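> Here is a sequence with its predicted model. Questions after.
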Amino acid sequence: MKLLNKTSIYYLLFALPVFAICSAFLYYLISSEIIDNLDESLLKEKTELEQKLKSGIDYTALQDDEIHFRLFNGIIKESSIRFFDTTIYDKTEQEILPFRGLTTIINNGDTNLEVFVLRSYIESDDLISSILYPVIILFVILLAGFFLINWYVSKKLWKPFYQTLEQLTNYKITEETEKFANVNIKEFSELNTTLTAMTKKMHEDFINQKQFIENASHEIQTPLAVIKSKIELLIQSKNLNESDIQIIQAAYNASNKLSALNKALLLLSKIENNQFKEIETIGFMSFIEKTLEHFEGLAEIKNIKIEKNYSSELKIKMNPILAEILISNLIQNAIRHNVKDGTIKIDLSQHLFSISNTSDSNIENTQALFNRFHKNEASAESIGLGLAIVKEICDKYSIKIEYKCEQKVHTIELYF
């Protein structure tokens with residue numbers, strides 16, 4: 001959830017209960033004031049009735065729909081005035097209406113009369129409505145206004161932050177980042193200044209590391225080539241016994257592996273540094289056929305049967321060198337980790353390239369094979385970077401890669 005939305009929610013969670021409480025409290029105040037006014041009116045009516053009775057007016061002449069008398073023979077208490085609420089059916093309105101009432105005992109010569117005086121709540125309710133509803137509407141308008149103003153102001157204030165966040169999202173360490181904008185909000189200005197210095201330092205460290213790796217890899221190639229050539233000359237010597245030849249052969253194999261490792265690391269570095277920028281529309285079918293011809297001899301040594309199923313051509317825009325490396329590594333991996341008299345199956349469609357091979361083992365954690373220097377225990381000759389290079393190329397071109405292993409059949413699928 002965005003910070004602005006979360007702030008707005010907290011504002012509403014605070015404002016709505018306050019609004020409800022204030023509305024209820026306002027209704028209570030208005031109702032109390034109206035009831036007090038009704039009670040005062042009823043007391044005033046009671047006083048006027050007492051005066052009229054003392055002047056000799058018969059109580060029956062004073063009765064109407066809102067004033068009732070009846071003889072009272074009980075004991076008169078010191079405070080006989082009592083207020084009450086009731087409802088009465090109104091024949092004119094044809095509905096039951098609320099009333100506020102007063103009952104008390106009035107002396108009328110030799111008799112006591114219990115009087116009931118009623119006042120309708122209708123006018124009071126209209127008064128409450130005429131006061132409360134406009135106030136509630138005003139509160140709603142103020143609440144909505146405060147919310148919109150808060151949202152607008154917060155959005156405007158946080159705009160530099162979201163710009164910085166977008167710039168960080170698009171940040172690539174391989175490219176020199178533009179300076180973060182200067183803003184007039186102190187906290188955001190300090191954040192942008194710090195981020196500018198940090199990204200600049202990261203880019204400089206990356207460039208230095210990149211140059212070091214490239215230089216070191218190139219420098220290592222030269223002594224490795226010398227070592228290999230000297231070992232080759234030494235192997236051709238006629239004065240070596242079987243034991244010496246085995247030791248020299250082991251050293252030669254190690255130098256070959258070290259050379260392959262150095263080239264693989266250099267290739268990974270170049271891919272990460274985006275040094276393969278040339279892009280062409282690549283047809284996978286021709287690249288697969290060329291690669292199979294290249295590894296034909298290696299497949300024949302193990303008597304591996306290759307099954308091809310090309311339902312349609314697969315075309316993608318990518319660097320041709322990386323496309324060749326991608327296909328070559330996958331086919332070489334399928335041959336190297338296959339069994340004698342095994343099978344390789346290649347499927348190609350418009351959006352899928354799949355290659356599977358038989359094997360003598362099952363692998364549970366197949367995703368770990370894409371990690372650098374992770375290799376199957378049975379593959380001692382592997383340097384553990386083939387599939388890491390494949391994964392790096394797939395990530396570069398947003399190709400989804402999956403590795404499956406079922407019943408000793410290993411399958412790698414590329415989804416385009």
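Thanks, I have it.
> Just the buried residues of the host helix or strand of Ile344, please?
Under the criterion of DSSP states H and E, Ile344 resides in strand 343-348. Neighbour counts using 16 or more other CB atoms under 10 Å place 344-348 of strand 343-348 among the buried residues. For every residue, glycine as well, the C-beta is placed using N, CA and C.
> Mind giving me the packing neighbours of that strand?
Identification of packing neighbours for strand 343-348 by 3 or more CB pairs under 8 Å, 6 or more residues apart in numbering; DSSP states H and E yields helix 284-294, strand 305-310, helix 320-336, strand 352-358.
> Give me the contact list for the shortest one.
Residues from elsewhere that reach strand 305-310 (CB atoms under 8 Å, 6 or more residues apart in numbering): 285, 288, 292, 299, 341-348.
> Please identify the buried residues of that strand?
Buried, per 16+ other CB under 10 Å, within strand 305-310: Ile306.
> What residues of whichever helix or strand comes after it count as buried?
Later in the chain than strand 305-310, the nearest helix or strand by DSSP H and E is strand 315-318. Across strand 315-318, burial judged by 16+ other CB under 10 Å covers 316, 318.
> Run through who's touching strand 315-318.
With contacts defined as CB under 8 Å, 6+ apart, strand 315-318 is touched by 279-284, 323, 397, 399, 416.
> Just checking: what are the partner strands of it?
According to DSSP bridges, strand 315-318 forms sheet pairs with strand 280-283 (antiparallel).
> to the chain's geometric centre, what's the distance from the partner strand?
Centroid separation for strand 280-283 versus its chain: 36 Å, with CA atoms, centre = their mean, to the nearest Å.
> who's in contact with it?
For strand 280-283, contacts defined as CB under 8 Å, 6+ apart pick out 313-320, 323.
> Mind exporting the C-alpha coordinates of that strand to PDB?
This file holds the C-alpha atoms of strand 280-283, laid out as PDB (Å, rounded to 0.1, in the frame of the first residue of the first chain):
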ATOM      1  CA  GLU A 280      19.700  -9.400 -34.500                       C
ATOM      2  CA  THR A 281      16.600 -11.500 -35.200                       C
ATOM      3  CA  ILE A 282      17.900 -15.000 -34.500                       C
ATOM      4  CA  GLY A 283      16.300 -18.200 -35.900                       C
END
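> still on that earlier bit, now compare the contacts of strand 305-310 and name the two farthest from each other.
Met285 and Asp341 (26.8 Å; CB to CB).
> quick one: low-confidence ranges for this structure?
For the chain, the stretches with pLDDT under 70 are 1-5, 77-79, 93, 122-130, 132, 177-178, 217-218, 273, 364-384.
> Can you spell out the domain ranges of it, please?
For the chain, automatic domain parsing gives the domain ranges 3-144, 186-272, 280-415.
> and the nearest residue to Asn150 once chain neighbours are set aside, what does it touch?
Nearest non-adjacent residue to Asn150, counting by CB to CB, 6 or more residues apart in numbering: Tyr11, 5.9 Å away. With contact set as CB under 8 Å, 6+ apart, Tyr11 has these partners: 146-147, 150.
> Just among the residues you listed, which is most surrounded?
Neighbour counts for these (other CB atoms under 10 Å) peak at Asn150, which has 16 neighbours.
> Share the number of residues neighbouring Ile235, please.
Ile235 has 14 neighbouring residues, counting by other CB under 10 Å.
> how long is stretch 63-80 from one end to the other?
End-to-end span of stretch 63-80 (CA to CA, to the nearest Å): 20 Å.
> Quick check: longest helix in this structure by residues?
Assignment by DSSP state H gives helix 3-54 as the longest helix of the chain.
> Tell me which of the domains of the chain sits nearest to Phe161.
Closest among the domains of the chain, once you apply CB to CB, is domain 186-272, at 5.9 Å.
> Tell me the span between the first and last residue of that closest one.
In domain 186-272, first residue to last residue: 37 Å (CA to CA).
> Now do the same for Phe84: helix, strand or coil?
The three-state label given to Phe84 by DSSP: H, G, I helix; E, B strand; the rest coil is strand.
> can you check Val183 too?
Three-state call for Val183 (three-state DSSP): coil.
> Ok, Lys277 next?
Lys277 falls in the coil class when you classify it by three-state DSSP.
> was I right about it contacting Asn319?
Yes - the pair Lys277 / Asn319 is scored as a contact, 7.4 Å apart, by CB atoms under 8 Å.
> Between the two, which is the more surrounded one?
Neighbour count, other CB under 10 Å: between Lys277 and Asn319, Asn319 has more, with 20 against 6.
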